[in-house]
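**Student:** just coords:
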């Protein structure tokens, strides 16, 4: 593995293209590199390289797992599906049984929730077909989209509670509905602008950005009370 790091703001699309061309110019083939199963690959690494869905094939062989992975790669937004556990280097087990892992990765700009839901739905269809044909099972062991949907729901609930308590606190201490109304508008507006900037910047909602937004919501609520009290 050769790991190359670049300065922030570098045009990575151009870099990846250039590196790929240079590797092709070397003319490396499989016979030139011992113990290598495929040609050198250029893979950009970022937070989006975390698998969006992890599946487990129990009771199947490597050929079946590869076929499933190839089928899942046809789903819009999926960049690749990688099979693990089909060599002495990696061993995977599910509920104590030998299995093959299928790691599904999304494209950098793809929506995590949409891709995750599509992959899980397709995996469910495949599992139904496998159960009709015999014993193999295709199980979902990790779904990042579920955590994101749960996180969005929790953040929405906490934000609504925070806004309600903020309005109540300001009214009790300042005894003015006008100040309370300003806070009621400023908090959701700030959150909306935050998500809007993320969208325009091409930043997707994932576990990392959602956690950051949850922290920001707390700061917005706290600062709304302090600043409004100082201005008043």
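**Tutor:** That came through fine. In this text the structure is predicted, and so the values were computed from the model without any measurement.

**Student:** contacting residues around residue 15?
**Tutor:** Going by CB atoms under 8 Å, 6 or more residues apart in numbering, residue 15 touches residue 6. In short, each C-beta sits where N, CA and C put it, glycine included.

**Student:** can you tell me which helix or strand it belongs to?
**Tutor:** For residue 15, the element it lies in under DSSP states H and E is helix 12-26.

**Student:** any low-confidence regions in the protein?
**Tutor:** Within the chain, the set of residues satisfying pLDDT under 70 comprises 28-39, 46-49, 87, 133-134.

**Student:** can you tell me how far the most far-flung residue of the chain relative to its centre sits from residue 51?
**Tutor:** Distance from the C-alpha centroid of the chain peaks at residue 175, with 44.7 Å (CA atoms, centre = their mean). According to CB to CB, to the nearest Å, residue 175 and residue 51 sit 53 Å apart.

**Student:** Check residue 191 too.
**Tutor:** Distance check for residue 191 against residue 51: by CB to CB, it reads 29 Å.

**Student:** Now residue 55: closest residue in space that isn't a chain neighbour?
**Tutor:** residue 102 (4.2 Å; CB to CB, 6 or more residues apart in numbering).

**Student:** what about the strands in this structure?
**Tutor:** Ranges of strands in the chain, per DSSP state E, are 53-58, 78-84, 92-94, 97-106, 137-143.

**Student:** ranking these by burial, who's on top?
**Tutor:** When these are scored by mean count of other CB atoms under 10 Å, the highest mean neighbour count falls to strand 53-58 (a mean of 24).

**Student:** counting contacts, what elements does it pack onto?
**Tutor:** Judged by 3 or more CB pairs under 8 Å, 6 or more residues apart in numbering; DSSP states H and E, strand 53-58 is in contact with helix 62-72, strand 92-94, strand 97-106, helix 112-133, strand 137-143.

**Student:** I'd like to check the angle between the first one and strand 97-106, please.
**Tutor:** Counting by axes from the mean of the first three to the mean of the last three CA atoms, to 10 degrees, helix 62-72 points 20 degrees away from the direction of strand 97-106.

**Student:** what about helix 62-72, distance to the chain center?
**Tutor:** Between the centre of helix 62-72 and the centre of its chain there are 22 Å (CA atoms, centre = their mean, to the nearest Å).

**Student:** ok, now stretch 118-137?
**Tutor:** Counting by CA atoms, centre = their mean, stretch 118-137 comes out at 23 Å from the chain centroid.

**Student:** which parts of it are buried?
**Tutor:** By 16 or more other CB atoms under 10 Å, the buried positions in stretch 118-137 come out as 118, 119, 120, 122, 123, 126, 127, 130, 136, 137.

**Student:** what's the most distant pair in those?
**Tutor:** The most widely separated members of those, counting by CB to CB, are 118 and 136 (21.6 Å).

**Student:** and residue 167, how many neighbours?
**Tutor:** 20 (other CB atoms under 10 Å).

**Student:** wait, what's in contact with it?
**Tutor:** By CB under 8 Å, 6+ apart, residue 167 lies in contact with 180, 183, 184.

**Student:** Could you do residue 93 as well?
**Tutor:** Shown in contact with residue 93 (CB under 8 Å, 6+ apart): residue 99.

**Student:** From residue 58, how far out is it?
**Tutor:** Distance, residue 93 to residue 58, by CB to CB: 9 Å.

**Student:** Common neighbours of the two, please.
**Tutor:** residue 99.

**Student:** How about residue 57, nearest residue that isn't a chain neighbour?
**Tutor:** Closest residue in space to residue 57, ignoring its immediate chain neighbours: residue 100 at 4.4 Å, by CB to CB, 6+ apart.
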